[in-house]
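**Student:** need a 3D model of the following:
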Amino acid sequence: MAQARSEKVETYKALLNDFMAEHIYPNERRFYLEGERLGPWAAYPIVEELKPKARALGLWNLFMSDPHHGAGLSNAEYAPLCEIMGRSLLAPEVFNCSAPDTGNMETIHRYGTEEQKKKWLTPLLNGEIRSAFAMTEPLVASSDATNISCQVTRDGDHYVINGRKWYTTGSTHPNCRIMIFMGKTSPDNPNRHAQQSMILTPRDTPGITVLRPLPVFGFYGLPDRASEVLFENVRVPVSNVLLGEGRGFEIAQGRLGPGRIHHCMRLIGMAERILERMCRRAEFRTPFGKPLAEQTVTLERIAEARIAIEQCRLLTMKAAEMMDTVGNKEAKQEIAMIKVAAPAMAEKIVDWAIQAFGGGGSNNDHFLSMAYAVARLLRLADGPDEVHRNQIGRLELKRHRNTDVRRTGGGADVLSIDEIRHMTANGAWPRPAGWKE
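**Tutor:** Numbers count the residues shown, from 1 in each chain. Prediction:
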């Protein structure tokens, strides 16, 4: 499947690659050191220094398909650019293309009122503020979004929010000003998919307490600003609801589709870089009198890594093009497939690279331990593998229920007695003449 090769995309790719070489790769170690030293509650100076440089070159809001607010690219056009940004954890935020802000901006743009857009979308697009997304809860299995149980009670012109959230991304950033909160507004609605709402909740509203930052495999702040947040009698205007009361599940499905494919695009870029490092390491490490690059196990892993990356890229491009042409709903099986395939692919390639680097693969000198954390995290984030596999399986069964087996040749019925007798009489071993039972 051919990638989008418009002149605009090629221009952006060249600019991105130059920016990565000049500003991103040389500053990565500083970025990681600032993350370690300043921790998850701080903004990292290198990020803030590079943002104006990126914006001055037009490398800003590349994810936004609305040309009035961003680059105006389709999903298929954005894919190769997102892949380039995915080569470094520093890059996405520098270009204002990092989660959860991208998903939150797309959500407000798609479902928000004009007043909500003016108040929150505009400063997010300008990079003036950051945001958080509060959906997952510690007390329920949040992989089933209908389980979301934080209570949202109507009190006149306000909602009163109570409950606990965790793995809330973005809330420890000092510039976080707005949270998209998902809670239960209609617990008695017989339709479980219409019980929840999403509400724009200003971060400084009384009653919101960030209880603690949460590490991702021991890393704080990087690769994700995860945290646990307590909401105690938090009052927000009813006008802050997105799309309407009871539409939270609908918004979640619309929001997570693009977010999932963005993660997969970035993972492909990360896997490419890890494979490059594995190849370079294998060239000059010589155990047992022979370079790693000449040992069959290494060659097999390099080959399998290349195959897996190309497979995931093709599937990602298919999903992106379907999202552009037939919409996210029709592309849901492809989105689910790539969300399973890409993290597993990246996790395996990082694991092989760690083996090639030996003991050095267990530290972050070459980005391997953090890359492993990213890949493993994304087998959970935006829906665990098991949920996506279940959806893929159900959709596949539905596909074949609605096809005519006479036209597809995919029947699985037990052979009839007449068919068996015909096969026996005309096959290689017919019943001998005069055979007696």
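**Student:** can you map out the helices along the stretch 251-400 of the chain?
**Tutor:** Remark: helices assigned in the stretch 251-400 of the chain by DSSP state H, counting those that start in this stretch are 296-325, 332-357, 368-377, 385-401.
**Student:** ok, the stretch 51-200 of the chain next?
**Tutor:** Under the criterion DSSP H, counting those that start in this stretch, helices of the stretch 51-200 of the chain are mapped to 75-85, 91-94, 101-111, 114-116, 122-125.
**Student:** who touches the third one?
**Tutor:** Applying Cβ atoms under 8 Å, 6 or more residues apart in numbering, the external contacts of helix 101-111 come out as 61, 63-64, 66, 69, 116-117, 120-121, 124-125, 130-133, 170, 178, 180, 198, 200, 242-243, 247, 251, 254-256, 258-259, 262. Using the backbone N, CA and C atoms, a C-beta is placed for each residue, glycine as well.
**Student:** just the buried members of the residues you listed?
**Tutor:** Buried members of the contacts of helix 101-111, counted by 16 or more other Cβ atoms under 10 Å: 61, 63-64, 69, 116-117, 120-121, 124-125, 130-133, 170, 178, 180, 198, 200, 242-243, 247, 251, 254-256, 258-259, 262.
**Student:** number of nearby residues for residue 288?
**Tutor:** 6 (other Cβ atoms under 10 Å).
**Student:** could you dump the lengthiest strand in the chain to PDB, C-alpha only?
**Tutor:** For the chain, the strand that runs over the most residues, judged by DSSP state E, is strand 226-237. Extracted in PDB, the C-alpha atoms of strand 226-237 (Å, rounded to 0.1, in the frame of the first residue of the first chain):
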ATOM      1  CA  ALA A 226       0.700   9.300  35.100                       C
ATOM      2  CA  SER A 227      -0.900  10.200  38.500                       C
ATOM      3  CA  GLU A 228      -3.700   9.400  40.900                       C
ATOM      4  CA  VAL A 229      -6.300  12.200  41.400                       C
ATOM      5  CA  LEU A 230      -9.000  12.600  44.100                       C
ATOM      6  CA  PHE A 231     -12.200  14.500  43.300                       C
ATOM      7  CA  GLU A 232     -14.100  15.700  46.400                       C
ATOM      8  CA  ASN A 233     -17.300  17.700  45.900                       C
ATOM      9  CA  VAL A 234     -15.800  19.300  42.800                       C
ATOM     10  CA  ARG A 235     -18.400  21.800  41.400                       C
ATOM     11  CA  VAL A 236     -18.300  22.700  37.700                       C
ATOM     12  CA  PRO A 237     -21.000  24.400  35.600                       C
END
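**Student:** I'd like the numbering to begin with 58 instead of 1 from here.
**Tutor:** Renumbered: residue one is now 58, and that last one reads strand 283-294.
**Student:** check the offset of that strand from the chain's centre.
**Tutor:** With Cα atoms, centre = their mean, to the nearest Å as the basis, strand 283-294 stands 25 Å off its chain's centre.
**Student:** same question, stretch 464-472
**Tutor:** Per Cα atoms, centre = their mean, the centroid offset for stretch 464-472 relative to its chain is 38 Å.
**Student:** what mean pLDDT does that stretch get?
**Tutor:** Averaged across stretch 464-472, pLDDT comes to 94.
**Student:** ditto for stretch 92-107
**Tutor:** Averaged across stretch 92-107, pLDDT comes to 96.
**Student:** can you redo the helices of the stretch 108-257 of the chain as a markdown table with mean pLDDT and distance to residue 277?
**Tutor:** As requested, the helices of the stretch 108-257 of the chain are exported to a markdown table (pLDDT from 0 to 100; distance: least, Cβ to Cβ, whole Å):
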| stretch | mean pLDDT | distance to residue 277 |
| --- | --- | --- |
| helix 132-142 | 97 | 22 |
| helix 148-151 | 98 | 16 |
| helix 158-168 | 96 | 19 |
| helix 171-173 | 97 | 32 |
| helix 179-182 | 98 | 24 |
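**Student:** how's the protein carved up into domains?
**Tutor:** Domain assignment for the chain, taken from automatic domain parsing, gives 64-155, 188-302, 306-458.
**Student:** quick one: end-to-end distance for the first one.
**Tutor:** Across its full length, domain 64-155 reaches 25 Å end to end, with Cα to Cα, to the nearest Å as the criterion.
**Student:** tell me where the model's unsure across the chain.
**Tutor:** Scanning the chain for pLDDT under 70 picks out the ranges 58-62.
**Student:** okay, strands next: where are they in it?
**Tutor:** Taking DSSP E, the strands of the chain run over residues 187-191, 208-212, 215-223, 233-241, 253-259, 265-271, 283-294.
**Student:** closest to residue 246 out of the helices of the stretch 108-257 of the chain?
**Tutor:** Evaluated over the helices of the stretch 108-257 of the chain, closeness to residue 246 peaks at helix 158-168, with 19.4 Å, by Cβ to Cβ.
**Student:** buried residues in that closest one?
**Tutor:** Neighbour-count burial for helix 158-168 [16+ other Cβ under 10 Å]: 158, 159, 160, 161, 162, 163, 164, 165, 166, 168.
**Student:** farthest-apart pair in the residues you listed, please.
**Tutor:** Farthest pair in the buried residues of helix 158-168 (Cβ to Cβ) is 158 and 168. Separation: 15.8 Å.
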